[in-house]
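Engineer: I'll drop the sequence and a predicted model, then ask my questions.
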Amino acid sequence: MTDVAAFGVTFESHDLFTPAPSAKLDESAAAAAGSSKKGRPRKDKKAPKDKETVEAAASTKSGHVVKSLLPAGKKLPIKRAIKYTNLTIDGFSFELRYNTTTPHGLPPGVTDPNLASYTVSGIQDAIKRYNHSGISTLRFEADYSSLLHFSSAECVVEVEVIENKTIEIPAPPENGTSGDSAAPSGTAGDSAASGTSGDHKSETVDGTSGDSAANGDSRSEGEDGTSGDAAAAAANGTEAGNSTNGTEVANQTTIKMVKKVIQVPRRRVYHVALNVSGPGPAYTPLSGDVWQMAQAQVAAWRAAEAVKAATAKAKNDLEAYIIGTREKLETDELIQQVTAEADRVKFIEQLTEAEDWLYGDGEHEAADQFVAKLQGLKAVGDPIQRRAAELELRPKVLDAVKQSVAAAENITASWADTKPWINETDTQDANDKIQEFQKWLQEQEAAQTKKELTEEPAFTGMDILSKWESVQKMIKKVDGKKKPKVVPKNETDSAAAAGDKAAAGDEAAAAAAAEEGKSEEEGYRSESAADAE
């Protein structure tokens, strides 16, 4: 098993006739080749090298096609595809063969380059159903075993279909309705029957001329079927309509929508599975005891590879630590400040001894031996490197924390002016925390001055940061208190008056209830006296 293809594989067919390109390609096939699944044209993008191989239509009919399907050296696992557009043959056969033209040649012990043979049919079924075969695709997969497998064959056809779609449109005007019927007048639309002139009709519609109403004779009233009183009522109705805020006009302009079914074109993509037959793989797959034996061998190989990788890693870690630590002991000024000369010489001798063992007797030892040797060296070297790191870090941390303490003192001192709602108790607690931290820090610095640089430090930079962080959280919590909401005096008086009013109402209700109870009691006594008599 490997992560690259050790031997190349070719695709070869002796009866794969491809159509010659015409001046005008089939529109559906062109759309299927150059559009996405949603029917939108897509930009030309460079196809991934290791995923698909797309073949265009051949210039002439050819019965012998040879393609490099899996070049030697390709990274595994991998998926490959061969595509042809608008095939018209009903079926074709092809073979998968080792590529004998490369320097790799055939695998050891293999004499026949043939790997597999297949026959693909069913293209005519796609043509009968959709009038063309679209893109015929043959898909292959290669796993870590470097063996190529034929996974599927299909025709991808994209066609245009007509579908029904429901939309909403404005409703058409009702029958017998004209533009004059929408006039806000109370008279009929056909005012010409009244025998008046066009000017008189206009004045009547507007309802603004009193003379025009007086000019109407009895004949016109009879023909219109409207009396003088009705005309006056109509005029009054018109004036009332004009005096409104456009309510009737707004109702008249409301558009009624109706649903309508239309036909629209849509692109559909169909996948037609092709029939695959033929001899198949030339070599019989492993099964039974042979398969179990092969699986056991692979498992043992994987376990051996894991042990080999762990041993190499442990050996490299030990070698890197020896070289890096020895260089620091000889050249790093900080390490030289935190170690004595005799201690450095002794530790360098231990590193050299471990290096000699690594390249000599321990070269073929197991991983646990290298790990144990590394842990022994780190037990001496890690404290030295930790003291050197603290020697550089501790002064920087002290300066930063002291500046932060000074800033915190300024904040607490300003609360009386900037945030008077913070009470004196919270302010005093914050100042006490700051003073307590300062006292602790002074004690730690005094203890550190009594220690040598070659000794373990009295405190570390992380100790200072952790201690000060707890004080900072307390100060931020107090500083973040919001100003209490002040209720205006008028609102307070209103609330008090409302409370008094409610209390008075409750007292009145209680008095009424007591009076009602007293009346009921007197009535009950009267009834009892009457019954006794």
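Structural biologist: Received it, and whenever you're ready, just let me know what you need.
Engineer: contacts and neighbour counts: CA atoms only from here.
Structural biologist: Will do.
Engineer: what residues sit buried inside the longest strand along the chain?
Structural biologist: Looking across the chain with DSSP state E, the single longest strand is strand 148-170. Using 16 or more other Cα atoms under 10 Å as the test for burial, strand 148-170 gives Leu148, His149, Phe150, Ala153, Glu154, Cys155, Val156, Val157, Glu158, Val159.
Engineer: show me what the host helix or strand of Gln295 is packed against.
Structural biologist: Following DSSP states H and E, one finds Gln295 within helix 288-331. Applying 3 or more Cα pairs under 8 Å, 6 or more residues apart in numbering; DSSP states H and E, we find helix 288-331 packed against helix 333-337, helix 341-359, helix 367-418.
Engineer: count the neighbours of Ala379 for me.
Structural biologist: 10 (other Cα atoms under 10 Å).
Engineer: residues in contact with it?
Structural biologist: Residues near Ala379 by Cα atoms under 8 Å, 6 or more residues apart in numbering: none.
Engineer: that one and Arg267, how far apart?
Structural biologist: For Ala379, the distance to Arg267 equals 72 Å [Cα to Cα, to the nearest Å].
Engineer: could you do Asp479 as well?
Structural biologist: 65 Å.
Engineer: now do Arg267 against Cys155, distance only.
Structural biologist: 16 Å.
Engineer: please apply the same query to Tyr321.
Structural biologist: Tyr321 is 61 Å from Cys155, by Cα to Cα.
Engineer: how about Val120?
Structural biologist: In terms of Cα to Cα, Val120 sits 11 Å off from Cys155.
Engineer: okay, and the common contacts of these two?
Structural biologist: With Cα under 8 Å, 6+ apart as the test, Val120 and Cys155 both reach Leu274.
Engineer: and Ala171, how many neighbours?
Structural biologist: The number of residues near Ala171, taken as other Cα under 10 Å, comes to 11.
Engineer: do I have it right that it meets Val258?
Structural biologist: Yes - between Ala171 and Val258 there is a contact under Cα atoms under 8 Å: 5.5 Å.
Engineer: show me what Ser13 is bridged to.
Structural biologist: Val65 (DSSP bridges).
Engineer: and the pLDDT at it?
Structural biologist: With respect to pLDDT, Ser13 has a value of 91.
Engineer: packing partners for the longest strand of the chain?
Structural biologist: For strand 148-170, the packing partners by 3+ Cα pairs under 8 Å, 6+ apart are helix 27-34, helix 123-130, strand 135-142, strand 257-273.
Engineer: and the contacts of the second one?
Structural biologist: Think helix 123-130. Counting by Cα under 8 Å, 6+ apart, Leu87, Thr88, Ile89, Asp90, Gly91, His132, Ser133, Cys155, Val157, Val159, Val272, Leu274 sit against helix 123-130.
Engineer: among the residues you listed, give me the pair with the biggest separation.
Structural biologist: Pairwise distances across these (Cα to Cα) peak at 22.4 Å, for the pair Gly91 and Val159.
Engineer: contact partners for the closest residue in space to His64 that isn't next to it in sequence?
Structural biologist: Of all residues not flanking His64 in the chain, His14 sits nearest, at 4.2 Å (Cα to Cα, 6 or more residues apart in numbering). Contacts for His14 (Cα under 8 Å, 6+ apart) come out as Gly63, His64, Val65, Ser93, Phe94.
Engineer: okay, these in a markdown table with pLDDT, distance to Ile475 and neighbour count next?
Structural biologist: Shown next, in a markdown table, are the contacts of His14 (pLDDT from 0 to 100; distance: Cα to Cα, whole Å; neighbours: other Cα atoms under 10 Å):
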| residue | pLDDT | distance to Ile475 | neighbour count |
| --- | --- | --- | --- |
| Gly63 | 68 | 87 | 12 |
| His64 | 80 | 85 | 12 |
| Val65 | 86 | 81 | 15 |
| Ser93 | 91 | 82 | 17 |
| Phe94 | 93 | 80 | 20 |
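Engineer: nearest to Asp3 among those?
Structural biologist: Closest to Asp3, out of all of these and judged by Cα to Cα, is Phe94, at 26.9 Å.
Engineer: surely Leu96 meets Val65?
Structural biologist: No - the pair Leu96 / Val65 is not scored as a contact, 11.8 Å apart, by Cα under 8 Å.
Engineer: shared neighbours, these two?
Structural biologist: With Cα under 8 Å, 6+ apart, Leu96 and Val65 have common neighbours Phe11, Glu12.
Engineer: check the secondary structure at Thr111 for me.
Structural biologist: coil (DSSP: H, G, I helix; E, B strand; the rest coil).
Engineer: low-scoring stretches of the stretch 201-350 of the chain, by residue?
Structural biologist: 201-253 (pLDDT under 70).
Engineer: give me the angle between the helix or strand where Gly280 lies and strand 148-170.
Structural biologist: Using DSSP H and E, Gly280 maps to strand 275-281. Counting by axes from the mean of the first three to the mean of the last three Cα atoms, to 10 degrees, strand 275-281 points 160 degrees away from the direction of strand 148-170.
Engineer: which helices and strands does strand 275-281 pack with?
Structural biologist: The elements that strand 275-281 packs onto, with contact taken as 3+ Cα pairs under 8 Å, 6+ apart, are strand 114-121.
Engineer: could I get the strand it packs on in CSV with only the CA atoms?
Structural biologist: What follows is strand 114-121 as a C-alpha-only set of coordinates in CSV (Å, rounded to 0.1, in the frame of the first residue of the first chain):
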residue,chain,number,x,y,z
ASN,A,114,-4.8,-6.5,-19.1
LEU,A,115,-6.6,-5.5,-15.9
ALA,A,116,-10.3,-5.5,-16.8
SER,A,117,-12.8,-5.6,-19.7
TYR,A,118,-16.3,-4.1,-19.8
THR,A,119,-19.2,-3.5,-22.2
VAL,A,120,-21.4,-0.4,-21.8
SER,A,121,-24.9,-0.3,-23.4
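Engineer: for that strand, which helices and strands make contact with it?
Structural biologist: Looks like strand 114-121 contacts strand 91-98, strand 275-281 (3+ Cα pairs under 8 Å, 6+ apart).
Engineer: out of these, deepest packed?
Structural biologist: strand 91-98 (a mean of 20; mean count of other Cα atoms under 10 Å).
Engineer: which neighbours does it have in its sheet, and in what orientation?
Structural biologist: Short version: by DSSP bridges, strand 91-98 pairs with strand 9-13 (antiparallel), strand 114-121 (antiparallel).
Engineer: so what angle separates the directions of that strand and helix 123-130?
Structural biologist: 130 degrees.
Engineer: correct me, but Ser121 touches Val276?
Structural biologist: Yes - under the criterion of Cα under 8 Å, Ser121 makes contact with Val276 at 6.6 Å.
Engineer: just the helices and strands packed on strand 148-170: most buried one?
Structural biologist: By mean count of other Cα under 10 Å, the helices and strands packed on strand 148-170 have strand 135-142 as the most buried, with a mean of 20.
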